[in-house]
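1. Only the shape, not the letters, is given here:
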């Protein structure tokens, strides 16, 4: 039920996700869904809280006290891979929840988003900016890295032959290429 809900919300967003699609994807009855969750927003808020707790646990397990910029990015992506193995749509779901910025989100969901953002800021605050070659702007580099990772991930997850380890290897290769191109 969790994976089915994450998938439907990640692909459609809250507004266009239907409980009919969720129960169809999960192979359960609507009555069972509403036995556990009062309404769609209750399910959405639960998923957000659960997802943030799960992701933050994986971040703490994988990233630790890393301060090297590129090593941090590799560990961050490895943490996301570890989550992806069990919950293929969890990261996309969290990112969409943040982007949707729903006013009607329950307090627990709003707190989960704050916690997630604060956790990432905390890890990022420990990271020492890399020494970059002349003319390389860190903000532009980060945007290129983010666009590349999002594109590779979207392409891989949508593939019928999706392999999380291959995705992680590919992302790590790109991060190493960015390091060679931009860092001193």
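-> Good, I have the coordinates. The model shown is predicted, which means the values in this text are computed figures rather than measured ones. Residues are numbered from 1 along each chain as shown.
2. what residue of the chain is the furthest out?
-> Distance to the chain centre peaks in the chain at residue 134, reaching 32.1 Å (criterion: Cα atoms, centre = their mean).
3. Do you know the pLDDT at that residue?
-> On the pLDDT scale, residue 134 is placed at 94.
4. One more: the one 10 residues further on?
-> For residue 144, the model assigns a pLDDT of 97.
5. Going forward, the N-terminal residue is numbered 39.
-> Shifting the count to begin at 39 puts that one at residue 182.
6. That one should be in a strand, yeah?
-> No. Remark: residue 182 does not belong to a strand; assigned using DSSP: H, G, I helix; E, B strand; the rest coil, it is helix.
7. tally of neighbours for it?
-> Close neighbours of residue 182, defined as other Cβ atoms under 10 Å, add up to 14. Just so you know, the C-beta spots here come from the backbone N, C-alpha and C atoms, and that holds for glycine as well.
8. Residue 140 reaches residue 52, doesn't it?
-> Yes. The criterion here is Cβ atoms under 8 Å, and residue 140 meets it with residue 52 at 6.2 Å.
9. Could you pull out the helices in this structure for me?
-> 40-54, 57-64, 68-74, 78-100, 107-124, 128-138, 145-164, 176-195, 202-220 (DSSP state H).
10. For the fourth one, give me every contacting residue.
-> Outside helix 78-100, the residues within contact range by Cβ atoms under 8 Å, 6 or more residues apart in numbering are 40, 43-44, 47, 52, 55, 57, 60, 71, 74-75, 113-114, 116-118, 120-121, 125, 128-129, 131-132, 135, 142-144, 146-147, 149-151, 153-154, 157-158, 161.
11. among those residues, which ones are buried?
-> Burial by neighbour count, 16 or more other Cβ atoms under 10 Å: within the contacts of helix 78-100 this picks out 40, 43-44, 47, 55, 57, 60, 71, 75, 113-114, 117-118, 120-121, 125, 128-129, 131-132, 135, 143-144, 147, 150-151, 154, 157, 161.
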